[in-house]
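Participant: Fold the following and give me the result.
(2 chains)
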Amino acid sequence: KNQVEQSPQSLIILEGKNCTLQCNYTVSPFSNLRWYKQDTGRGPVSLTIMTFSENTKSNGRYTATLDADTKQSSLHITASQLSDSASYICVVSADSGGGADGLTFGKGTHLIIQP
Amino acid sequence: NAGVTQTPKFQVLKTGQSMTLQCAQDMNHEYMSWYRQDPGMGLRLIHYSVGAGITDQGEVPNGYNVSRSTTEDFPLRLLSAAPSQTSVYFCASSYSKWSETEQFFGPGTRLTVL
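Facilitator: Take a look at the predicted model:
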């Protein structure tokens, strides 16, 4: 069964510090991996989408990495800001299998930035 | 360009009542889907549609009905609400097959069933 595991479940850091969120997956055949940011009370918003051949992708202060061999991804946030407080969801897409739409969602990491 | 819109934002129902959650998109996307999000769980697919007139079940379809008469609209119907359907519901759309393109999510509907 396809699975996506995220760690940590929750994280509290001080404003201005860096942090890294982890995503491990067992999804096959792999198509792409996405990171979403979900603010409290809002819908998820896409940060990055990475295919098999991409190792790193950046979106401002967000940098995602992908190791397709070990089936691991990370999302690194640089110089955190209060607006980074949110849940971050890892979603892995399969060419077949997974959910009916081919997507397997992680449970998310809840990040709190303290002033 | 409003993206994906959902109404209502909040709703309280009594057990046994029925209601329709509305979802609309103005991006001319063929693919639309409904998810529910519960505490401590990932988003779970309820129903999806690959185009007008075509719908199919997702992971947790029981108690829900959908139709897709136009490209823009994809309403979700709760036939007889139960407390287990208390959740936050998200509608999403994408240009083509989910595994290939970005999904755009609506702002969500928070539903409480008493």
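Participant: only C-alpha atoms for contact and neighbour calcs from this point on.
Facilitator: OK.
Participant: distance between the strand or helix carrying B:Tyr89 and the chain's centre?
Facilitator: B:Tyr89 belongs to strand B:87-94 when assigned by DSSP states H and E. Distance, stretch centre to chain centre, for strand B:87-94: 5 Å (C-alpha atoms, centre = their mean, to the nearest Å).
Participant: Stretch A:61-79 too?
Facilitator: 8 Å.
Participant: Just the CA trace of it, in PDB.
Facilitator: The C-alpha atoms that make up stretch A:61-79 are tabulated as PDB, following Å, rounded to 0.1, in the frame of the first residue of the first chain:
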ATOM      1  CA  ARG A  61      12.900  30.900   1.200                       C
ATOM      2  CA  TYR A  62      11.500  27.400   0.600                       C
ATOM      3  CA  THR A  63      13.900  24.700  -0.800                       C
ATOM      4  CA  ALA A  64      12.700  21.200  -1.400                       C
ATOM      5  CA  THR A  65      15.100  18.300  -2.000                       C
ATOM      6  CA  LEU A  66      14.300  14.800  -3.400                       C
ATOM      7  CA  ASP A  67      16.300  11.600  -3.200                       C
ATOM      8  CA  ALA A  68      14.400   9.100  -5.300                       C
ATOM      9  CA  ASP A  69      16.800   6.300  -4.400                       C
ATOM     10  CA  THR A  70      16.100   6.500  -0.700                       C
ATOM     11  CA  LYS A  71      12.500   7.700  -1.300                       C
ATOM     12  CA  GLN A  72      13.000  10.800   0.900                       C
ATOM     13  CA  SER A  73      12.200  14.400   0.500                       C
ATOM     14  CA  SER A  74      12.900  17.400   2.700                       C
ATOM     15  CA  LEU A  75      11.600  21.000   2.800                       C
ATOM     16  CA  HIS A  76      14.000  23.500   4.200                       C
ATOM     17  CA  ILE A  77      12.800  26.900   5.300                       C
ATOM     18  CA  THR A  78      15.400  29.700   5.600                       C
ATOM     19  CA  ALA A  79      15.200  32.700   7.900                       C
END
